[in-house]
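Undergrad: show me the folded form of this:
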Amino acid sequence: MLNPSHAPNVDPLSSRTFAVTTFDAPQLVVLLVEDNPGDARLIRIMLAEPGYAPVRLVHVDRLAAALERVRHSDITVVLLDLGLPDSQGLETFVELRDAVPHLPIVVLSGDTDTGLALRAVREGAQDYLLKSRVDSEVLVRALRYAVEHKRINEYQRYLSETSRVLSASLDYETTVDRIVRLPVPLLAEACVLELHAENCSAPRLVVYTHEDTDETQLLEAIHALSSEDTGSGPHAGGPSALQHLGFTAHVSVPLTAHGRQLGRLWLLRAAERPGFTAEECGGLDELALRSALALDNARLHRELEIAVRLRDDVLASTSHDLRSPLSGIKMQGALLRRLLHGSQNAACTELHERVGQGLDDIDAAISSSLGILQELLDAVSLQAGRKLQLDRRRTDLTELVRRVAAEHQRRTDFHQLRIQVTEQGLVADWDAARLSRVIDNLLSNAIKYSPRQDTITLALVRETNATGDWAVLRVQDHGVGIPRGEMRQVFDRFYRGSNVPREIRGVGIGLAGVRDIVEQHGGEISVESAEGIGSTFTVHLPLQSVERDRHANPTRVGGATPTPQGLSAR
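TA: Next comes the predicted model:
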């Protein structure tokens, strides 16, 4: 007879309150598999002795009969003799274990069979008893220990599987669906997940049932119980409505992660199962904690995705809005330059040259600004895990280096740029615009981080090794250098050296973008530096026309680019 009693159960360690409907503890039902009538009669007498909790004994004398009985009964634990008329030895235990892996099994052993019994324990038996030494106290304690030990092991496996399932996805709705499904039917016939809303609106209720239950009525009953717990809303109809739906026991446990209550988890059992014990409630606390952490991680991931999408939208919109006026200025500068060249005369030659030079500087500044905008968009794309869309065309790297260096030299008289080229016509299928940004960034950094007058060298050579022909560009300065302990961080996004003077401005995205562009071209970049002496950045680019996918040539997004054979990964 079910006798419900509704009472709060408080965990003093976690300060979590369980609202739980409890029932009488289940009776221990023992299946004795023993072909010796005398041994079977003696065990029945032992289990019937007064002073012990009630035990119901079911006796069979064949393994086949035991296999049939455990599949269609409420057996709690099996007491198994390994020597039966239809099965002998360890195979007896293995066959029964494989048929009902959830049931605890205690092996009965003769004095000469202890080795066999120990092997059965190693195969998963909960315990073994020597027939010659067993008494009522030992027998009852062994059976109850076996049940409890098996329950703990099964629940630990269940929690491990729960963690594995919940960690398999960071999608919020997938996590919600898995949380509400995981307890059913192992722990309950129905589960309701109550999610608290951040805007103080009504909580969201998600339900999953093993039986054919009216989900609308179930949610109404849970809403009534939840309102009763919080002291607001209607109080009528909660427990009675659950009983009307066939549920005779329920437990609710809060979902709390990082000091924040996200909701509650409700588990409901039908009349065929016993109520929730205090030990089960302790286990549900662990289930709720893992569910809450998974839910909070999924929530944070969803918020991060929204923030990233918003950032990408803002960057794309801002870049588009800035590109339009910059492109317009660039077009106007080109028009003014044509008008200026068309109206030249001897008296105004010097003025024309000065104005033309100014227009060239404006054009270079606009091109640089447009390049920075593209660099920001590339950084967003790479951070989102997308490859750059390279516009590969036949490009002469020698001419590209000369052009970018000339643009920088026009803007500075403080530094001298020296170009060393050992071979003309280093040509391959490259994205000229992005490689221009690579050279521009390296030169800009060399100039910016050389506070004294300096000669900055750009050396371009061809190198051949077992992996093929490579164009190698080295940019060398004699500036502030990089502290030895920070060499590994040089190409990290937003990194700035600790020795960089405050008046030198920057945000640290240039070298990260340089690395990404070089690697997506199938190359590599490395650096040698000493603080106070200077730095040399070396870029290797394949001269073959290479188009590598993300798996064959992973970028920094997915992993480091393989080092070409014969090159040093400095």
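Undergrad: where exactly do the strands run in the stretch 401-550 of the chain?
TA: Listed in chain order, the strands of the stretch 401-550 of the chain (DSSP state E, counting those that start in this stretch) span 415-421, 427-430, 454-465, 468-476, 524-530, 534-542.
Undergrad: one more: the stretch 101-250 of the chain?
TA: In the stretch 101-250 of the chain, the segments counted as strands under DSSP E, counting those that start in this stretch are 105-109, 127-130, 190-195, 204-209, 247-257.
Undergrad: figure out which of those strands is closest to residue 405.
TA: strand 247-257 (55.6 Å; CB to CB). Where C-beta positions appear, they are placed from N, C-alpha and C, glycine not excepted.
Undergrad: point out where the stretch 351-500 of the chain drops to low pLDDT.
TA: For the stretch 351-500 of the chain, applying pLDDT under 70 flags the ranges 351-352, 368, 371-372, 374-386, 493-497, 499.
Undergrad: on that earlier part again, can you put the strands of the stretch 101-250 of the chain in CSV and add mean pLDDT, mean neighbour count and distance to residue 354?
TA: CSV is the format used below for the strands of the stretch 101-250 of the chain (pLDDT from 0 to 100; neighbours: other CB atoms under 10 Å; distance: least, CB to CB, whole Å):
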stretch, mean pLDDT, mean neighbour count, distance to residue 354
strand 105-109, 90, 24, 98
strand 127-130, 89, 18, 99
strand 190-195, 92, 23, 69
strand 204-209, 91, 18, 69
strand 247-257, 90, 22, 67
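Undergrad: as TSV, those with distance to residue 391 would be great.
TA: What follows is these, written out as TSV (distance: least, CB to CB, whole Å):
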stretch	distance to residue 391
strand 105-109	69
strand 127-130	72
strand 190-195	47
strand 204-209	47
strand 247-257	47
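Undergrad: which among these is found nearest to residue 215?
TA: strand 204-209 (5.0 Å).
Undergrad: tilt between that closest one and strand 190-195?
TA: 170 degrees (axes from the mean of the first three to the mean of the last three CA atoms, to 10 degrees).
Undergrad: for the residue nearest to residue 264 when sequence neighbours are not counted, what are its contacts?
TA: Nearest residue to residue 264 in three dimensions, chain neighbours excluded: residue 194, at 4.4 Å (CB to CB, 6 or more residues apart in numbering). Listed by CB atoms under 8 Å, 6 or more residues apart in numbering, the contact set of residue 194 reads 203-205, 222, 226, 263-266.
Undergrad: what of residue 124?
TA: Here residue 124 is in contact with 93, 97, 101, 105 (CB under 8 Å, 6+ apart).
Undergrad: who does the last one bridge with?
TA: In this case it means residue 105. Assessed by DSSP bridges, residue 105 has beta-bridge partners residue 78.
Undergrad: that one and residue 95 touch, don't they?
TA: No: using CB atoms under 8 Å, residue 105 is not in contact with residue 95, being 11.1 Å away.
Undergrad: so what's residue 75 scoring on pLDDT?
TA: Listed pLDDT for residue 75 reads 89.
Undergrad: do the one 4 residues further on as well
TA: Per-residue confidence at residue 79 stands at 95 (pLDDT).
Undergrad: can you check which of the strands of the stretch 401-550 of the chain gets nearest to residue 291?
TA: The minimum distance between residue 291 and the strands of the stretch 401-550 of the chain falls on strand 524-530, with 45.0 Å, by CB to CB.
Undergrad: what inclination does the closest one have with respect to strand 468-476?
TA: 30 degrees.
Undergrad: what is the burial count for residue 153?
TA: By other CB atoms under 10 Å, the residues close to residue 153 number 13.
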